[in-house]
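>>> Sharing a model prediction with you, sequence too.
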Amino acid sequence: MTNQNVLGKQRVNERLMEIAMSFSNSNDLPATAVPELMALFGEFLAQPKNNLLKPLEDQNGKGIAKTNTWIDSMRASSPTRTRNNPENREQIHWKLFHPSALNMFDQIMHKANGKQIVVFLDYDGTLSPIVADPNKAYMTKKMRMTLKDIAKHFPTAIVSGRCLDKLFSFVRLTELYYAGSHGMDIKGPTNRKNTKNGSNDGVLLQPASEFLPMINEVYKILVEKTKNVLGAMVENNKFCLSVHFRCVDEKSWAILGEQVSLVLNDYPKLKLTQGRKVLEIRPTIKWDKGRALEFLLESLGFANSNNVYPIYIGDDRTDEDAFKVLSNRGQGSGILVSKIPKETKASYTLQDPSEVGQFLQHLVEWKRTNSHNHKL
Ligand SMILES: O=P(O)(O)OC[C@H]1O[C@H](O[C@H]2O[C@H](CO)[C@@H](O)[C@H](O)[C@H]2O)[C@H](O)[C@@H](O)[C@@H]1O
């Protein structure tokens, strides 16, 4: 038996315990169903070739694999079909290993007991639904009110690929931390005046400021080069750029990808990654949403603390960097927003922004009822 199988089994046992505990007090699944689940696990363990057990590192965080053609890579990052067949083994495996954060709410809170919860939230696809026009990705009023409530009880940060100004124009809450440009532009709350000079622009860190002129230069070139690709749109996110292909006919994806790639050949200090129907151009510095999460925890005084419980909710490949940090620290919970199985380091899932809203509301209610028992 290989090490990977042993680790897999250990993890299965842990997950099984968690699932059994979560259902033992609810009507959703009687405790008698546990043997069935166990048999199911056995079946999955008997299939070593299952894709979902492959390590994530192959696909994530290292730019686009050179062996992939552009078109394959762009398709892979933009799945359009959901696979909801209940008989689908991949789907069942996915649900077992990445259960709903709503169903597991009590277990998550049990793990957070006595610790300072810090909330990290991605924006697009997490707080707002994915829409065709990136300039119209509004959150609902209800989500905004929920965020306001969350920030009253926990330090809260929005971590996004967007530039800060755009992000703030959508969220409009001065009491939050913001990490824009994939964490390369970090601001603290601006609702309190700085006691020394009376002003407070909130800026905490901009690790890629030297790249600003280069990013602006490449932005102009890309706008020019892609202007004939119908539906393509280049978005300037200050320390990074997004080339959107959501509204581009699939037949033109390869051409668009090649054009972007050719431009980047002249800029070896920039790299290309992918999000949801978007090509993202970023400085090659070792900085990502995971580093931003660590920086913010440090700024809050939790660099080496065991008394903190970070909860990070995100839907995209770039959020995997943050999930990985939590998993490496053995701290907190990573929650992936997705309806379909994906390779992820997150432990839990939520289906869509409306479930994210429900989870955050549960968190506020939990805090209100338990505040006398827990730290702030
Ligand atoms: O880190 P995030 O907050 O998730 O930002 C990632 C990208 O989000 C935006 O693009 C995505 O959402 C758009 C609006 O729903 C959608 O049209 C697009 O296809 C998605 O990729 C944003 O426009 C990008 O700049 C961000 O990099």
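Sure thing, it's come through.
>>> List the contacts of the closest residue to the ligand within the stretch 101-250 of the chain.
Nearest to the ligand in the stretch 101-250 of the chain, going by Cβ to the nearest ligand atom, is G161, at a distance of 2.8 Å. Any C-beta I mention is one placed from the backbone N, CA and C, and that applies to glycine too. Listed by Cβ atoms under 8 Å, 6 or more residues apart in numbering, the contact set of G161 reads 124, 180-182, 237, 240, 242, 275, 280, 316, 318.
>>> before we move on, what about C163?
Under the criterion of Cβ under 8 Å, 6+ apart, the contact list for C163 reads 180-181, 185, 236-239.
>>> mind checking the backbone torsions on it?
Backbone torsions of C163, given as degrees, to the nearest 10, read phi -80, psi 150.
>>> Go back to the contacts of C163 and keep what's next to the ligand.
Of the entries in the contacts of C163, those that also sit close to the ligand under the rule Cβ under 6 Å from any ligand atom are N237.
>>> What about the contacts of C163, which are in strands?
The subset of those located in strands under the criterion DSSP state E comprises 180, 185, 236.
>>> Who is the second one paired with across the strands?
In this structure, D185 has the following beta-bridge partners (DSSP bridges): G180.
>>> was I right about it contacting K238?
Yes. Proximity of D185 to K238 meets the contact threshold set by Cβ atoms under 8 Å, at 6.1 Å.
>>> Quickly list what's touching both of those two.
Among the neighbours of D185, those also in contact with K238 (Cβ under 8 Å, 6+ apart) are 163-164.
>>> For those two, indicate the residue with more neighbours.
Neighbours were counted for D185 and for K238 using other Cβ atoms under 10 Å; D185 has more, 27 against 22.
>>> List the residues that contact that one.
D185 neighbours (Cβ under 8 Å, 6+ apart): 163-164, 178-179, 205-206, 238-239.
>>> How about the residues of the stretch 1-150 of the chain by the ligand?
Selection of the stretch 1-150 of the chain residues close to the ligand by Cβ under 6 Å from any ligand atom yields 122-125, 130-132, 134, 137.
>>> rewinding a little: now the residue of the stretch 101-250 of the chain closest to the ligand: how far from R329?
Distance, G161 to R329, by Cβ to Cβ, to the nearest Å: 23 Å.
>>> and what of Y177?
According to Cβ to Cβ, Y177 and R329 sit 19 Å apart.
>>> Please say which of those two ends up with more neighbours.
With neighbours defined as other Cβ under 10 Å, Y177 and R329 compare such that Y177 has more, 23 against 15.
>>> Now do the spatially closest residue to the more buried one that is not a sequence neighbour: how many residues are near it, please.
Ranked by Cβ to Cβ, 6 or more residues apart in numbering and with sequence neighbours excluded, the top spatial neighbour of Y177 is A157, at 3.7 Å. Taking other Cβ under 10 Å as the criterion, the count of residues near A157 is 28.
>>> hey, what's A157 bridged with?
Applying DSSP bridges to A157 gives these bridge partners: F120, Y177.
>>> Tell me the pLDDT of D72.
At D72, the pLDDT value in this model is 74.
>>> Please report the distance of it from Q274.
11 Å.
>>> between these two, who's got more neighbours?
When neighbours are counted by other Cβ under 10 Å, Q274 comes out ahead of the other of D72 and Q274, with 22 against 13.
>>> my read: that one touches S242, true?
No. Using Cβ under 8 Å as the test, Q274 is too far from S242 to be in contact (10.2 Å).
>>> Which neighbours do those two have in common?
When contacts are counted by Cβ under 8 Å, 6+ apart, Q274 and S242 have E280 as shared neighbours.
>>> which residue ranges form the helices in this protein?
Taking DSSP state H to define them, one finds helices in the chain at 3-24, 34-45, 70-76, 89-97, 105-112, 141-153, 164-171, 212-225, 253-265, 289-299, 320-329, 353-370.
>>> now those as JSON lines including distance to N306?
Compiled in JSON lines, these are given as follows (distance: least, Cβ to Cβ, whole Å):
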{"stretch": "helix 3-24", "distance to N306": "20"}
{"stretch": "helix 34-45", "distance to N306": "31"}
{"stretch": "helix 70-76", "distance to N306": "38"}
{"stretch": "helix 89-97", "distance to N306": "26"}
{"stretch": "helix 105-112", "distance to N306": "12"}
{"stretch": "helix 141-153", "distance to N306": "21"}
{"stretch": "helix 164-171", "distance to N306": "31"}
{"stretch": "helix 212-225", "distance to N306": "38"}
{"stretch": "helix 253-265", "distance to N306": "42"}
{"stretch": "helix 289-299", "distance to N306": "12"}
{"stretch": "helix 320-329", "distance to N306": "10"}
{"stretch": "helix 353-370", "distance to N306": "20"}
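>>> Of these, give the one that comes closest to D201.
Nearest to D201, of all those, is helix 164-171, at 10.8 Å by Cβ to Cβ.
>>> The closest one vs the ligand: in contact?
No. For helix 164-171 and the ligand, the contact criterion (Cβ under 6 Å from any ligand atom) is not met; the two come no nearer than 7.4 Å.
>>> who touches that helix?
Helix 164-171 is touched from outside by 123, 127-128, 137-139, 144, 147, 158, 160, 162, 178, 180-181, 185, 187, 237-238, with contacts defined as Cβ under 8 Å, 6+ apart.
>>> Run a quick neighbour tally on P155.
As a burial measure, P155 scores 25 neighbours (other Cβ under 10 Å).
>>> How about Q351?
Counted with other Cβ under 10 Å, the neighbours of Q351 add up to 14.
>>> For it, give me its contacts.
Q351 sits next to 100, 337-339 when contact means Cβ under 8 Å, 6+ apart.
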